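Enquirer: With the input below, show me the fold.
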Amino acid sequence: MSRFRHLLGWDFRNLLRFPMLELLVGIAVYLSVLTGYGGGPSESPYSIVRHIVWHFQSEVVSLYVPTLFAAVVFASVGVAREIEAGYVKVVLSNPVRRRDLFLAKFAGCFLSTLGILTCAVFATMFLQNWSVSKYIVSFPAMILEVFVLLVLQTFFVCCVATAVAVFSKNTAISFIGSFGILYLPDYMSRLAGVKIPFVPPESTELFSLYLKSDLVFWRQYDLTTLLGATVVPVLIAVSLLLMAFMYFTRRYDVV
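Expert: Residues are numbered from 1 along each chain as shown. Presented below is the predicted three-dimensional model:
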């Protein structure tokens with residue numbers, strides 16, 4: 001465990017070379033143009049928080065492109081570039097388990113991306129609605145809904161980006177390939193109106209709609225949609241990550 005923490009810390013220091021703060025500020029500025037809460041004082045605290053949380057659930061979906069951009073950059077820089085430059089061979093020449101190195105690389109990409117998005121989204125949520133912040137913190141379960149959407153969307157994107165980076169072993173191919181694969185569903189839905197409900201951002205939007213619904217019958221009888229929007233993306237992401245893990249730990253040539 002101590003060796004894994006050391007590898008993870010080393011990977012974080014490597015990723016910090018990329019201007020993460022500028023990326024965080026850029027996402028925060030993007031979110032800052034959104035409209036904050038504008039309800040009346042007669043509304044109940046629950047209604048106020050629900051309005052704010054619903055608003056930011058929708059914005060998680062619109063943050064798909066910034067999410068994939070951050071994850072693709074971190075995977076290309078932290079995985080593909082180090083394989084291409086031979087740094088991974090140097091690390092593996094030491095008594096380091098391939099499993100620990102792979103997990104540290106993925107964890108670095110995932111935690112960096114999730115950390116940036118979480119800070120940007122929740123900082124904007126509270127700063128935009130600072131006058132009702134005491135109400136927001138009073139309903140942690142509703143805040144958790146926004147965080148769950150962020151985690152699911154970020155996990156999918158990071159798994160795909162990491163898998164492409166491991167198999168490509170090239171920074172440029174990793175960046176272009178990952179961006180193309182991840183952006184294709186969103187591009188198709190915008191251009192041709194063809195929606196793919198089992199991958200983000202469409203799956204994130206469906207899950208968001210499910211969380212927003214107050215209708216018991218909608219929740220009860222549309223279980224297939226819920227599973228397709230949550231379980232299927234996770235299974236796809238985990239499958240790709242496992243294939244990359246098996247390749248890296250058993251087939252990757254360090255000679």
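Enquirer: Correct me if wrong: residue 4 contacts residue 103.
Expert: Yes. Using C-beta atoms under 8 Å, residue 4 is in contact with residue 103, at 6.8 Å. Glycine gets a C-beta too; all of them are placed from N, C-alpha and C.
Enquirer: Quick check: mean pLDDT of stretch 171-183?
Expert: For stretch 171-183, mean pLDDT is 92.
Enquirer: Can you give the contact residues for that stretch?
Expert: Outside stretch 171-183, the residues that touch it by C-beta atoms under 8 Å, 6 or more residues apart in numbering are 65, 68-69, 71-73, 75-77, 79-81, 84, 157, 160-161, 164-165, 168.
Enquirer: Residue 140: neighbouring residues, count only.
Expert: 9 (other C-beta atoms under 10 Å).
Enquirer: nope, residue 174 is what I meant
Expert: 28.
Enquirer: Which element, helix or strand, includes it?
Expert: helix 171-191 (DSSP states H and E).
Enquirer: Name the residues of that helix that are buried.
Expert: By neighbour count on 16 or more other C-beta atoms under 10 Å, the buried set for helix 171-191 is 171, 173-175, 177-179, 181-182, 185-186, 189.
Enquirer: got the angle between the helix or strand that comes right after it and helix 171-191?
Expert: Next along the chain after helix 171-191, taking DSSP H and E as the criterion, comes helix 202-212. Between helix 202-212 and helix 171-191, the angle comes out at 50 degrees (axes from the mean of the first three to the mean of the last three C-alpha atoms, to 10 degrees).
Enquirer: Run through who's touching helix 202-212.
Expert: Contacting residues not belonging to helix 202-212 are listed as 54, 57-58, 60-61, 64, 145, 149, 152-153, 185, 189, 195-197, 218-219, 222, 225-226, 228-230, 232-233 [C-beta under 8 Å, 6+ apart].
Enquirer: quick check, distance from it to the centre of its chain.
Expert: 15 Å (C-alpha atoms, centre = their mean, to the nearest Å).
Enquirer: Report the rounded mean pLDDT for it.
Expert: pLDDT averaged over helix 202-212 gives 86.
Enquirer: Distance check, residue 226 against residue 233.
Expert: Residue 226 sits 12 Å away from residue 233, going by C-beta to C-beta, to the nearest Å.
Enquirer: And residue 186, by the same measure?
Expert: Counting by C-beta to C-beta, the gap from residue 186 to residue 233 is 14 Å.
Enquirer: okay, which residue is most central for the chain?
Expert: Of all residues in the chain, the one closest to the mean position by C-alpha atoms, centre = their mean is residue 154, 1.2 Å from it.
Enquirer: And the host helix or strand of that one, what does it pack against?
Expert: Taking DSSP H and E as the definition, residue 154 sits inside helix 140-168. Applying 3 or more C-beta pairs under 8 Å, 6 or more residues apart in numbering; DSSP states H and E, we find helix 140-168 packed against helix 45-62, helix 64-75, helix 98-128, helix 171-191, helix 202-212, helix 223-246.
Enquirer: what comes up buried for it?
Expert: So for helix 140-168, counting by 16+ other C-beta under 10 Å, buried means 142-143, 145-147, 149-150, 152-168.
Enquirer: and if you look at stretch 200-217?
Expert: Applying 16+ other C-beta under 10 Å to stretch 200-217 flags 200-211 as buried.
Enquirer: which one among the residues you listed gets closest to residue 16?
Expert: residue 200 (26.5 Å; C-beta to C-beta).
Enquirer: Hmm, that closest one is touching residue 153, no?
Expert: Yes. Look at residue 200 against residue 153 with C-beta under 8 Å: they come within range, at 4.9 Å.
Enquirer: Give the residues shared as contacts by these two.
Expert: residue 64.
Enquirer: ok, residue 53 to residue 206 distance?
Expert: Here the criterion is C-beta to C-beta. By it, residue 53 lies 17 Å from residue 206.
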